[in-house]
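# Let me see the structure of the following:
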Amino acid sequence: MGFAAFGFIIIGFFVVKLKDFVESNDSNQKTFFAAFLESLYRFVLGSVAGACGATAVYPIDLVKTRMQNQRSNSTNVITYKNSFDCFVKVVKNEGFCGLYRGLLPQIVGVAPEKAIKLSTNDFMRGKLSFNGKISLICEIIAGGCAGAAQVIFTNPLEIVKIRLQVAGESTEKKNINVFTVLKDLGFTGLYEGVQACLLRDVLFSMIYFTAYAHAKIATQDENGINHPISLFLSALIAGVPAAALVTPADVIKTRLQVAARAGQTTYTGIIDCVKKMLKEEGFLAFWKGTIARVLRSSPQFAVTLLTYEMLQRLFYVNFNGTKSSVNLMVNETMIFTSDKISHAETTNELLFSSIAIFTLLINVFIGISTTLYLYRRTKNEKSEVLEIA
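Down below sits the predicted model:
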């Protein structure tokens, strides 16, 4: 409650100053600063919304991580029978606070992560819209760009959070905290498993934002307005297929980012992880924690997007007389047919540009992650040689 109150006070102060600035400048200055100010405005709102959503469902996220990291081959004892059993054992063995292990770095990291995700999606939807309408393929691309853009924050956040979440299972180290995890990982270690993280986030955002936009159309009233209940239900519904369908990528990411303990299988990459999991645990292992993931992701994004959109209504700012891009997602989304496209050439140009940017982002992340992996592997090999010597 204290965090929420503080957040609203900061937003209120920010919006008042922003309104004064927008209303006090001439039209040329407004045009010059409008895009920047709107992006900053959405970034702040997205940060607060993301933190609220993450805090609301964090215990479910911890259970999901514990379930996905549980190796079920012959050399390891099954600790948790199911998600409910995991929840009960965490509370019994680690106390109620154990359900919130790793929450602080999650809140710190999720603010810029969700802000980038939401603002990038809004920005791309605005750029790919014509006369207030956007095609289905452009919706999917906008969501994919949003997912790719957030990975630079998501991966370090995820690996630190996951290692803290599974730390309670170990009987050897009880003093593990954010600083010990960061020291152990180093900078290069923060991007372990980034390919799997990129795959998960891109696919999730493609499915989620597209489903969310269309669910909002289906739940608006006769005047084309979405009330808070319809916004929450739309976000909740969209999260179910998005969270469920990308669970295999999330499981692989978790396995790559968790430090394996003695006797546990280790993985060198996505392909190696897939092969070993299929051989040792079977196909169903890729769907571990699906229920917990759906129960976490669906309400988390419902809280996040409801908060985000209600904050935009509560702290409304008219940027240079333009409509808020959130309105594009409320009642102006449609699927184009061939006879309705009046700007085909412009559409294709922007579409190809977006695909090029999207492809570039993916290649940059893969290149960086490969370099970091090789550097870390070389460093580990040198350490092993020195220990043997």
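# and Ile140, what is it in contact with?
By Cβ atoms under 8 Å, 6 or more residues apart in numbering, the contact list for Ile140 reads Met206, Thr210. Glycine gets a C-beta too; all of them are placed from N, C-alpha and C.
# so what secondary structure elements neighbour whichever strand or helix holds Ala111?
If you go by DSSP states H and E, Ala111 is part of helix 103-127. Applying 3 or more Cβ pairs under 8 Å, 6 or more residues apart in numbering; DSSP states H and E, we find helix 103-127 packed against helix 27-56, helix 58-69, helix 136-167, helix 194-219, helix 290-314, helix 325-331, helix 344-388.
# what do you get if the cut-off is 6 Å, keeping everything else the same?
helix 27-56, helix 136-167, helix 325-331 (3 or more Cβ pairs under 6 Å, 6 or more residues apart in numbering; DSSP states H and E).
# Serialize those helices to TSV and add fields for mean pLDDT.
Shown next, in TSV, are the helices and strands packed on helix 103-127 (pLDDT from 0 to 100):
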stretch	mean pLDDT
helix 27-56	74
helix 136-167	85
helix 325-331	42
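# so of the ones you listed, which one's packed in deepest?
helix 136-167 (a mean of 24; mean count of other Cβ atoms under 10 Å).
# Which helix or strand lies directly C-terminal to that helix?
helix 178-189.
# Render the CA-only coordinates of that next one in CSV, please.
Extracted C-alpha coordinates of helix 178-189, given in CSV (Å, rounded to 0.1, in the frame of the first residue of the first chain):
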residue,chain,number,x,y,z
VAL,A,178,21.1,-10.3,-4.5
PHE,A,179,24.7,-9.2,-4.0
THR,A,180,26.1,-12.7,-3.7
VAL,A,181,24.2,-13.8,-6.8
LEU,A,182,25.5,-10.8,-8.8
LYS,A,183,29.0,-11.4,-7.6
ASP,A,184,28.8,-15.1,-8.6
LEU,A,185,27.3,-14.3,-12.0
GLY,A,186,29.4,-11.3,-13.0
PHE,A,187,28.2,-9.1,-15.9
THR,A,188,28.5,-11.8,-18.6
GLY,A,189,26.5,-14.2,-16.4
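# which of the residues in that helix are buried?
Val181, Leu182, Leu185, Thr188, Gly189 (16 or more other Cβ atoms under 10 Å).
# Report the two of these separated the most.
Val181 and Thr188 (14.0 Å; Cβ to Cβ).
# Let me know how buried Ala213 is, in neighbour terms.
24 (other Cβ atoms under 10 Å).
# and it, how far is that from Ile137?
13 Å (Cβ to Cβ, to the nearest Å).
# Taking helix 194-219 as reference, get the angle to the helix holding Ala111.
Helix 103-127 runs at 60 degrees relative to helix 194-219, counting by axes from the mean of the first three to the mean of the last three Cα atoms, to 10 degrees.
# between helix 103-127 and helix 27-56, how big is the angle?
Going by the same axes, to 10 degrees, helix 103-127 makes 140 degrees with helix 27-56.
# so what's Leu190 up against?
Pro156 (Cβ atoms under 6 Å, 6 or more residues apart in numbering).
# one more time with 10 Å, if that's ok
Contact partners of Leu190, counting by Cβ atoms under 10 Å, 6 or more residues apart in numbering, are Asn155, Pro156, Leu157, Glu158, Ile159, Val160, Val181, Leu182, Gln257, Leu372.
# Among those, which one lies nearest to Cys197?
Closest to Cys197, out of all of the contacts of Leu190 and judged by Cβ to Cβ, is Asn155, at 4.7 Å.
# Isn't the closest one up against Ala196?
Yes: between Asn155 and Ala196 there is a contact under Cβ atoms under 10 Å: 9.3 Å.
# For the stretch 151-300 of the chain, give me the ranges with low pLDDT.
168-174, 262 (pLDDT under 70).
# What residue, apart from its backbone neighbours, is nearest Asp250 spatially?
Arg200 (5.2 Å; Cβ to Cβ, 6 or more residues apart in numbering).
# Oh, that last question was meant for Phe301, not what I typed.
Gly239 (4.8 Å).
# and that neighbour, how many neighbours?
28.
# isn't it right up against Ala211?
Yes: contact criterion Cβ under 10 Å: Gly239 and Ala211 qualify, at 8.4 Å.
# about what we covered before: got the contact list for the residue nearest to Asp250?
147, 151, 154, 158, 193, 246-254.
# Tell me the one of those residues nearest Glu94?
Closest to Glu94, out of all of these and judged by Cβ to Cβ, is Thr254, at 19.2 Å.
# that's a helix at the closest one, yeah?
Yes: under DSSP: H, G, I helix; E, B strand; the rest coil, Thr254 falls within a helix.
# hang on, the earlier thing: which one of the buried residues of helix 178-189 is nearest Ala292?
Val181 (22.4 Å).
# and the closest one, how far is that from Glu222?
The value you get for Val181 to Glu222, if Cβ to Cβ is used, is 53 Å.
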